[in-house]
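Novice: Give the three-dimensional model of this entry:
(one chain, ligands or ions: 2)
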Amino acid sequence: MNAPALAEVMADADLIHDREALEDAIETMADAMRDEYAGDERPPLFVTIMHGGMPFAAQLAFALGERGLDVEFDYLHATRYRGGTSGSRLAWLHRPATPMRGRRVILVDDILDEGHTLKAVGRWCEDEGAADVRIAVLATKVHDRCVDGVCADWSGVDVPDRYVFGYGMDYNEQGRNLPAIYALGE
Ligand SMILES: O=P(O)(O)OC[C@H]1O[C@H](OP(=O)(O)OP(=O)(O)O)[C@H](O)[C@@H]1O
Ligand SMILES: Nc1nc2[nH]cnc2c(=O)[nH]1
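Specialist: Ligands and ions are numbered 1, 2, ... in the order given. From the prediction side, this is the model:
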C-alpha cells in the first residue's frame, strides 16, 4: 500500500518546534562546541550522517564558522529506517573517505532515537582509530528505550516519543525540507 501523501499527513500533524526555536537551539549548541575545540591544532572531522543530518549539519557548520571554528567535512550514510517509520537492521550505504586515525570526530545527525545508528557508527569510528568521537544531534527523542552508553554530547531540542519529521527527517522520504519539526497525528 502506498504511504499517504505529505499534505494528508500534515493535516493531522502537530507542530513540535518551529524554525526559530530550532535556529536558536543550533546557535546555543555552537557556542558550547566552539569552546570544546577552540584550542586544538587540527580542525575536528565533522561527519554528517545522511540523509537526515544534512540540513542541521549545514546550519551548525555555518554557526561554528561564524564563531571562528574551522571544521573538516566528510559524510556517511547509514540507515535503519529506509523511509519507514520503524527501525530494523542498520545498512551502510557510504562510509567516510577521510582516515579517522588520531582525529577528533563529530558525528552530526538529525535525531537520537533508540541510539542504534549512532552506537554502530561511533564504534566504527573508534575501530578506525579516531582519537575522540562526539555526537551532535538536532533532536533527542524522550523515552527509556535508548541503548546503553549512547547519549548526545550536544542536543538542540527534545521531541516526544512519537514519529517526527521535518528539518531533515522524513515521513516516507517526504517532508525533509520542512523548516520545522512535526509529529505524526496520534
Ligand atoms: O537512534 P535510532 O533509532 O537508530 O534512529 C536514528 C536514526 O534514524 C534516522 O535515520 P534513517 O535510518 O531514517 O536514515 P535517513 O537519515 O536516511 O532517513 C536518523 O537520521 C538517525 O540516523
Ligand atoms: N523521520 C524520523 N526518523 C527517525 N529515526 C528514528 N526516529 C525517527 C523519527 O521519529 N522520525
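Novice: how about the residues of this structure that lie near ligand 1?
Specialist: 49, 51-52, 79-81, 87, 109-117, 170 (Cβ under 6 Å from any ligand atom). The C-beta positions use only the backbone N, C-alpha and C, and glycine is treated the same way.
Novice: What about Gly18, how many residues nearby?
Specialist: Residue 18: Asp, not Gly. 12 (other Cβ atoms under 10 Å).
Novice: same check, this time on the one 10 residues further on
Specialist: Number of residues near Thr28 (other Cβ under 10 Å) recorded here: 13.
Novice: what about the strands in this structure?
Specialist: Along the chain, the stretches classed as strands by DSSP state E are 14-17, 45-50, 72-79, 91-94, 104-112, 132-141, 154-159, 164-165, 181-183.
Novice: Neighbours of Arg101, how many?
Specialist: Using other Cβ under 10 Å, Arg101 has 9 other residues around it.
Novice: Tell me the pLDDT of it.
Specialist: Per-residue confidence (pLDDT) for Arg101: 98.
Novice: does it really touch Cys125, like I thought?
Specialist: No. Assessed by Cβ atoms under 8 Å, Arg101 is found out of contact with Cys125, at 10.4 Å.
Novice: on that earlier part again, among the residues of the chain next to ligand 1, which ones are buried?
Specialist: Buried subset of these (neighbour count, 16 or more other Cβ atoms under 10 Å): 49, 51-52, 79-81, 109-113, 115-117, 170.
Novice: which one of those sits closest to Ala5?
Specialist: Asp170 (13.4 Å; Cβ to Cβ).
Novice: got the contact list for the residue nearest to the closest one when sequence neighbours are not counted?
Specialist: Spatial nearest neighbour of Asp170, chain neighbours left out: Arg176 (5.0 Å); criterion: Cβ to Cβ, 6 or more residues apart in numbering. By Cβ atoms under 8 Å, 6 or more residues apart in numbering, the contact list for Arg176 reads 51-52, 55, 165-170.
Novice: Tell me the pLDDT of Met1.
Specialist: pLDDT, Met1: 60.
Novice: do Tyr81 as well
Specialist: Per-residue pLDDT puts Tyr81 at 77.
Novice: List of residues touching stretch 138-147?
Specialist: Applying Cβ under 8 Å, 6+ apart, the external contacts of stretch 138-147 come out as 17, 22, 25-26, 53, 56, 109-116, 119, 152, 155-161, 164, 167-169, 181.
Novice: swap the cut-off to 6 Å and go again
Specialist: 56, 110-115, 119, 152, 155-159, 161 (Cβ atoms under 6 Å, 6 or more residues apart in numbering).
Novice: repeat for stretch 21-37
Specialist: Stretch 21-37 is contacted from outside by 44, 59-60, 63-64, 67, 69, 154, 156-157, 167, using Cβ under 6 Å, 6+ apart.
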